[in-house]
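S.K.: give the three-dimensional model of this entry:
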Amino acid sequence: MRALTLLTLLGIGCNDYEINPKDDVTPGGLDSEPVECPPQIPDCNDTEEDSELPPDSVPPDNDVCDEFTVPGEALAQVEECYVPVSTGTFTPVVEWKKSTWTTDASSNNIMMMPAVASLNDDNGDGLINTDDIPDIIVITYGSNGTLRAVSGDGSSEIFNVVGANLQGQGAVAVGDIDNDGLVEIIAPTSNGVKAFENDGTLKWTSASLSGHIYGTSDAPAISDMDGDGDPEIIMGKAILNSDGSLRGAGASAKGACPPTSAPRPSP
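M.R.: Next up, the predicted model:
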């Protein structure tokens with residue numbers, strides 16, 4: 001009887017571990033405690049009710065153009081985010097100045113901010129690049145504009161372009177628009193744009209941009225707007241290809257505001 005009782009106890013011990021484990025496993029595994037969220041999955045215990053968006057921030061159906069807004073949240077100002085700006089003294093020293101010109105001397109007013117680019121081979125290495133003295137390009141005016149370039153050290157006039165019908169109060173843009181390694185100069189006329197080579201030679205003249213530009217005080221810009229490697233020229237609401245042809249135009253405005261007169265006080 002002792003032997004039979006011992007065998008029965010051994011059988012019960014085996015039944016607890018290996019005889020039929022599938023019948024004894026609880027739904028949560030051997031450990032029936034609630035499963036904790038791993039750190040990388042913080043929302044694993046969320047229910048469907050918890051994951052629903054507030055009614056006023058539910059995205060609209062794709063076929064419905066109702067306004068979709070997400071409520072904002074005002075944050076408290078943190079003093080540590082404010083950094084006082086230290087201001088010092090700034091005393092510019094005039095290195096050189098130029099007020100007279102050898103060509104078209106009466107055109108001696110400048111409205112635009114000068115542009116700076118290397119236009120010629122100053123160091124004689126056969127290249128025109130940033131190792132050369134940067135040069136200054138401006139439009140001066142008496143009536144019509146004259147395109148001028150001056151050496152950056154003030155030593156000489158590089159070129160003067162007279163009679164190109166440029167806007168006297170317009171600005172220029174400089175950049176390599178044809179990928180030849182040399183900058184071109186873009187200048188506005190009363191109804192279009194002209195491009196000049198780095199030596200002042202006319203490269204091309206655009207067709208009329210009437211209705212797309214303001215016609216005075218226009219300022220062109222150069223940018224590769226579509227990332228294809230060929231820059232575009234932007235002035236007013238007109239977008240030109242690098243050869244001066246019209247690429248497109250904006251729907252409104254002209255990139256400038258018409259002048260307004262201040263109201264005069266009543267006598």
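S.K.: going forward, measure contacts and count neighbours with C-alpha atoms only.
M.R.: Noted.
S.K.: in three-state terms, label the residue nearest to residue 221 when sequence neighbours are not counted for me.
M.R.: Once flanking residues are discounted, residue 221 sits nearest to residue 234: 5.2 Å by Cα to Cα, 6 or more residues apart in numbering. When classified by DSSP: H, G, I helix; E, B strand; the rest coil, residue 234 comes out as strand.
S.K.: would you mark the buried spots in the lengthiest strand in the chain?
M.R.: For the chain, the strand reaching the highest residue count under DSSP state E is reported as strand 157-166. Buried residues in strand 157-166, counted by 16 or more other Cα atoms under 10 Å: 157-161, 165-166.
S.K.: the residue lying closest to residue 137 once chain neighbours are set aside: how many residues sit nearby?
M.R.: Distances taken as Cα to Cα, 6+ apart place residue 149 nearest to residue 137, at 4.4 Å, with adjacent residues excluded. Applying other Cα atoms under 10 Å, we find 24 residues neighbouring residue 149.
S.K.: who's in contact with residue 216?
M.R.: 167-170, 190 (Cα atoms under 8 Å, 6 or more residues apart in numbering).
S.K.: just give me the closest of these to residue 101.
M.R.: residue 168 (15.8 Å; Cα to Cα).
S.K.: sec struct for that closest one, please.
M.R.: Applying three-state DSSP: residue 168 is coil.
S.K.: next one: it from residue 140, what distance?
M.R.: 6 Å (Cα to Cα, to the nearest Å).
S.K.: can you list residues touching both of these two?
M.R.: 111, 146.
S.K.: rewinding a little: export the buried residues of strand 157-166 to JSON lines and tack on pLDDT?
M.R.: Converted to JSON lines, the buried residues of strand 157-166 look like this (pLDDT from 0 to 100):
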{"residue": "157", "pLDDT": "98"}
{"residue": "158", "pLDDT": "98"}
{"residue": "159", "pLDDT": "98"}
{"residue": "160", "pLDDT": "98"}
{"residue": "161", "pLDDT": "98"}
{"residue": "165", "pLDDT": "95"}
{"residue": "166", "pLDDT": "97"}
